[in-house]
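S.K.: Need coordinates for the below:
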Amino acid sequence: MSEDVLSVYAMNRWQWNEQEIVVGVRVEKTELDSQGFFKDNTSTTNIELSNSETQVFPSIHWNMDISEQMKIRLAAVTGTSRPNFTDLRAGAVANDTTQTVGGGNPYLKPEMAQGIDGSWEWYFTDAALASIGVFYRKVDDVLYDATTKVGDDRFDSAGIDRSNYDYATVLNGDEGEISGVEFAYMHQWEFLPEPLQGFGMQANLALLDSEFTTPDGRKSAFTGTSDKVINASIFYENYGWSVQLNWQWRDAWLDDISADATSDYYWKDTERLDLSVRYQLNDTIGFYLDANNLSDEIGVRYQGTEALPVEVEGFGRRYLLGVRASF
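M.R.: This next block holds a predicted model:
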């Protein structure tokens, strides 16, 4: 595969009193060439495809300082998310025993989004922030992992009709919407006595809601998106030390869409606890320790309900210790 992207952009900024407006536009032209193979039980067939498209992304941002401690922001934005390399590959494999086909989809279009953002930020003391952010996106050509029927003769060969085989790939859906609100807090606790100076906390809570329409008219949540995500960290930054204990929890999320909603694949809610320690001995030498998955989280993927697990995996705890030197 080869992908060439040519982009140009222009922007302008206006400032007056406590307000600022930034307006910009970006234009991108993408050319994609993809070569691969279709392989079945008896033969291999070359595949070669190419396409190109031009996209335009305007945006406008407005910022206002309500006071020295408070700021509000509003924005109308556009953007895109391209399929990744493996999703676009022009290659597929058919298994006539299990009557399945799996592979890439070089006909995929990038997701296109238009939406609005808003936030209120309060810098209530030094090295501290409390904020609320909201967003809304209308998304066209939603990308999602799916197991569906082939539905046509593109994989037929040697007189074998594969139109009714299960087809595992990435597809474009129709229009979708995703919205959310995030509450964030960060504070280095300067009120602590001198020996404890450097301790602090940062945390955020994100509440999300999403829905899009599949080509067959079914309504579904966005894949890979949880309804609730919580992050929290206790940190210490002082005397050459940088220590962070990070905790994250997210509820169950849709992973793979099947032809029948009762057969969709999900990942069960997960929780992680990670520790990062850094100590800078001098301008040259530093030490580090990373301890990941201290909670020894087990990943569970299930079909339809948690009573039907199809994948259970654990990677254990992982530790990394080292020394860095810069000259």
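
S.K.: in this protein, which spans are helices?
M.R.: Secondary structure of the chain (DSSP state H): helices located at 85-88.

S.K.: In contact with the residue nearest to the spatial centre of the chain, which residues?
M.R.: Centrality entry for the chain: nearest residue to the mean C-alpha point is G224, 7.5 Å, by CA atoms, centre = their mean. The neighbourhood of G224, defined by CB atoms under 8 Å, 6 or more residues apart in numbering, consists of 253-255. Any C-beta I mention is one placed from the backbone N, CA and C, and that applies to glycine too.

S.K.: rerun at 10 Å
M.R.: Each residue near G224 by CB atoms under 10 Å, 6 or more residues apart in numbering is listed here: 143-145, 210, 253-256, 267.

S.K.: What's the local residue count around the closest residue to E306 other than its chain neighbours?
M.R.: Among residues not flanking E306 along the chain, K268 sits closest, at 6.3 Å (CB to CB, 6 or more residues apart in numbering). K268 is flanked by 15 other residues according to other CB atoms under 10 Å.

S.K.: same thing with F315?
M.R.: Residues lying near F315 (other CB under 10 Å) number 11.

S.K.: Return the backbone torsion pair for it.
M.R.: When read as degrees, to the nearest 10, the backbone of F315 gives phi -110, psi 0.

S.K.: And the residue nearest to K138 when sequence neighbours are not counted, what's its pLDDT?
M.R.: Leaving aside its chain neighbours, K138 sits nearest to Q114 (5.3 Å; criterion: CB to CB, 6+ apart). If you check Q114, the pLDDT there is 96.

S.K.: beta partners of Y319?
M.R.: Judged by DSSP bridges, the bridge partners of Y319 are A291.

S.K.: wait, what's in contact with the closest residue to S157 other than its chain neighbours?
M.R.: Leaving out its chain neighbours, the residue that sits closest to S157 by CB to CB, 6+ apart is D40, at 5.9 Å. Applying CB under 10 Å, 6+ apart to D40 gives the contacts 92-96, 101, 155-158, 160, 162.

S.K.: Can you give me the distance of D40 to D274?
M.R.: 45 Å (CB to CB, to the nearest Å).

S.K.: Please tell me how far the residue of the chain most remote from its centre sits from S43.
M.R.: Residue farthest from the centre of the chain, counting by CA atoms, centre = their mean, is G159 at 41.8 Å. Separation of G159 from S43 (CB to CB): 12 Å.

S.K.: Number of residues surrounding F155?
M.R.: Other residues close to F155 by other CB under 10 Å number 20.

S.K.: show me the contacts for it.
M.R.: 38, 40, 45, 92-94, 101, 103, 161-163, 165, 167.

S.K.: ok, now E175?
M.R.: 138-142, 211-213.

S.K.: Would you quantify the distance from it to A252?
M.R.: Look at E175 and A252: by CB to CB, they are 25 Å apart.

S.K.: now do N231
M.R.: With distances taken as CB to CB, N231 is found 17 Å from A252.

S.K.: Could you do E18 as well?
M.R.: Counting by CB to CB, the separation of E18 from A252 is 44 Å.

S.K.: between these two, which one's more packed in?
M.R.: Higher neighbour count among E18 and A252: A252, with 16 against 12, using other CB under 10 Å.

S.K.: Tell me the confidence at that one?
M.R.: We have a pLDDT of 95 for A252.

S.K.: could you check the distance from the residue nearest to S157 over to T78?
M.R.: For D40, the distance to T78 equals 42 Å [CB to CB].

S.K.: repeat for R218
M.R.: For R218 relative to T78 (CB to CB), the value is 27 Å.

S.K.: So if I had to pick from the two, which one is more boxed in?
M.R.: T78 (17 against 13).

S.K.: From M112, how far out is the closest residue to that one other than its chain neighbours?
M.R.: Nearest non-adjacent residue to T78, counting by CB to CB, 6+ apart: F57, 4.5 Å away. Distance of F57 to M112, given as CB to CB: 9 Å.

S.K.: who touches both of these two?
M.R.: Common contacts of F57 and M112 (CB under 10 Å, 6+ apart): 78-80.

S.K.: pLDDT (mean, whole number) over stretch 53-62?
M.R.: On average, stretch 53-62 scores 95.

S.K.: buried ones in stretch 130-144?
M.R.: Neighbour counts over stretch 130-144 (16 or more other CB atoms under 10 Å) mark 131, 133, 135, 137, 139-144 as buried.
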